[in-house]
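Enquirer: Please work out how this folds:
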Amino acid sequence: MSLALQIERVSKSFGGLMAVHDVTLEVEEGTVMGLIGPNGAGKTTLFNVITGFHRPSSGRIAAHGEEISGLSPDAICRRGICRTFQLLEVFPTMTVFDNVAVGVLASQRRTFQVLGTIGETSRRRVNQILEMTRLQDRAEVPVAQLGLPERKKVELAVALAANPRILLLDEPVAGMAVGEKPALIELIRTIQEQTGVTTVLIEHDVDVIWGIADQVAVLHYGQIIAQGTPQQIRADERVRDVYLGQERHA
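Expert: Numbering: from 1, shown residues only. Modelled structure (predicted):
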């Protein structure tokens, strides 16, 4: 199987703080990679480096064989690497349809200036994404009127509007009640299977990771300390020590 994402000895420092240190990670095309680790382990920083929000201090990153190290976020997105954030990045006063329309038009390097000006081809694409994310019945509802699970779906839909080949999800179920999480995780897995998009997700709820990931990598103090299948990671003593140590500290 070919590689979608190659991270080779990547480090990122902020002054004297080494937030990510010598990380090497490979993600196979069409798979789900879970990225876990304690708070402050460097997970979101690594996402920021991959997607161009931070320039790596050293090392290289390639997507589908093309080096993307140091490119701007826009340039990286145009190469099919898209992400969501810990905090929702949507337009709350706009409808669900219009949020996704902005994403579709942005992927075409066009702007959404006046309501109703979207072309028929783009409209079909928006409706396809709404159906894929199970939001078609909420299309005309302002995002601010939705509950958190549906707002999370909207952010996912906006990310999908860019036709990603690699999708990075930063804590997609953060803030959701335990009973709300399975439906969103099942949706993410279904979309991944239907589209073949390679998915990398950060998540603190390890039960979510065990249920969705094909491979898991563990970050601790900015370094990868383990990588393998969920079964291998669950049995890894180093990983158990990291989480037990965090519990003792708490």
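Enquirer: Can you find the helix or strand of the protein with the lowest average pLDDT?
Expert: helix 237-249 (a mean of 66; mean pLDDT, DSSP states H and E).
Enquirer: What are the boundaries of the helices in this structure?
Expert: Here the chain has its helices, by DSSP state H, at 43-50, 73-78, 96-107, 120-132, 148-160, 181-195, 206-212, 230-234, 237-249.
Enquirer: what's the closest of these to residue 59?
Expert: Between residue 59 and the helices of the chain, the shortest separation by Cβ to Cβ is 8.7 Å, and it involves helix 43-50. Glycine gets a C-beta too; all of them are placed from N, C-alpha and C.
Enquirer: Include distance to residue 220 and mean neighbour count when you put the helices of the chain into a markdown table, please.
Expert: A markdown table is the format used below for the helices of the chain (distance: least, Cβ to Cβ, whole Å; neighbours: other Cβ atoms under 10 Å):
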| stretch | distance to residue 220 | mean neighbour count |
| --- | --- | --- |
| helix 43-50 | 10 | 23 |
| helix 73-78 | 26 | 16 |
| helix 96-107 | 34 | 22 |
| helix 120-132 | 35 | 16 |
| helix 148-160 | 27 | 22 |
| helix 181-195 | 24 | 16 |
| helix 206-212 | 14 | 17 |
| helix 230-234 | 12 | 15 |
| helix 237-249 | 5 | 12 |
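Enquirer: got JSON lines for these, with distance to residue 174 too?
Expert: JSON lines is the format used below for the helices of the chain (distance: least, Cβ to Cβ, whole Å):
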{"stretch": "helix 43-50", "distance to residue 174": "11"}
{"stretch": "helix 73-78", "distance to residue 174": "21"}
{"stretch": "helix 96-107", "distance to residue 174": "19"}
{"stretch": "helix 120-132", "distance to residue 174": "22"}
{"stretch": "helix 148-160", "distance to residue 174": "9"}
{"stretch": "helix 181-195", "distance to residue 174": "10"}
{"stretch": "helix 206-212", "distance to residue 174": "10"}
{"stretch": "helix 230-234", "distance to residue 174": "20"}
{"stretch": "helix 237-249", "distance to residue 174": "17"}
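Enquirer: And those: which comes nearest residue 175?
Expert: With distances scored as Cβ to Cβ, the stretch of these nearest to residue 175 is helix 148-160 (5.9 Å).
Enquirer: Who are the packing partners of the closest one?
Expert: Secondary-structure packing of helix 148-160 (3 or more Cβ pairs under 8 Å, 6 or more residues apart in numbering; DSSP states H and E): strand 81-83, helix 96-107, helix 120-132, strand 166-170, helix 181-195.
Enquirer: do you know which of the ones you listed lies nearest residue 47?
Expert: Closest approach to residue 47 among those is made by strand 166-170 (5.4 Å; Cβ to Cβ).
Enquirer: For stretch 144-160, list the C-alpha coordinates in PDB.
Expert: Extracted in PDB, the C-alpha atoms of stretch 144-160 (Å, rounded to 0.1, in the frame of the first residue of the first chain):
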ATOM      1  CA  ALA A 144     -25.900  28.800  15.900                       C
ATOM      2  CA  GLN A 145     -29.300  27.000  16.400                       C
ATOM      3  CA  LEU A 146     -27.700  23.500  16.200                       C
ATOM      4  CA  GLY A 147     -26.600  21.400  19.100                       C
ATOM      5  CA  LEU A 148     -22.900  20.600  19.400                       C
ATOM      6  CA  PRO A 149     -23.000  17.200  17.600                       C
ATOM      7  CA  GLU A 150     -24.500  18.700  14.500                       C
ATOM      8  CA  ARG A 151     -22.200  21.700  14.700                       C
ATOM      9  CA  LYS A 152     -19.300  19.200  14.700                       C
ATOM     10  CA  LYS A 153     -20.800  17.600  11.600                       C
ATOM     11  CA  VAL A 154     -20.900  21.000   9.900                       C
ATOM     12  CA  GLU A 155     -17.200  21.500  10.500                       C
ATOM     13  CA  LEU A 156     -16.600  18.100   9.100                       C
ATOM     14  CA  ALA A 157     -18.700  19.000   6.100                       C
ATOM     15  CA  VAL A 158     -16.800  22.200   5.500                       C
ATOM     16  CA  ALA A 159     -13.500  20.200   5.600                       C
ATOM     17  CA  LEU A 160     -14.900  17.700   3.100                       C
END
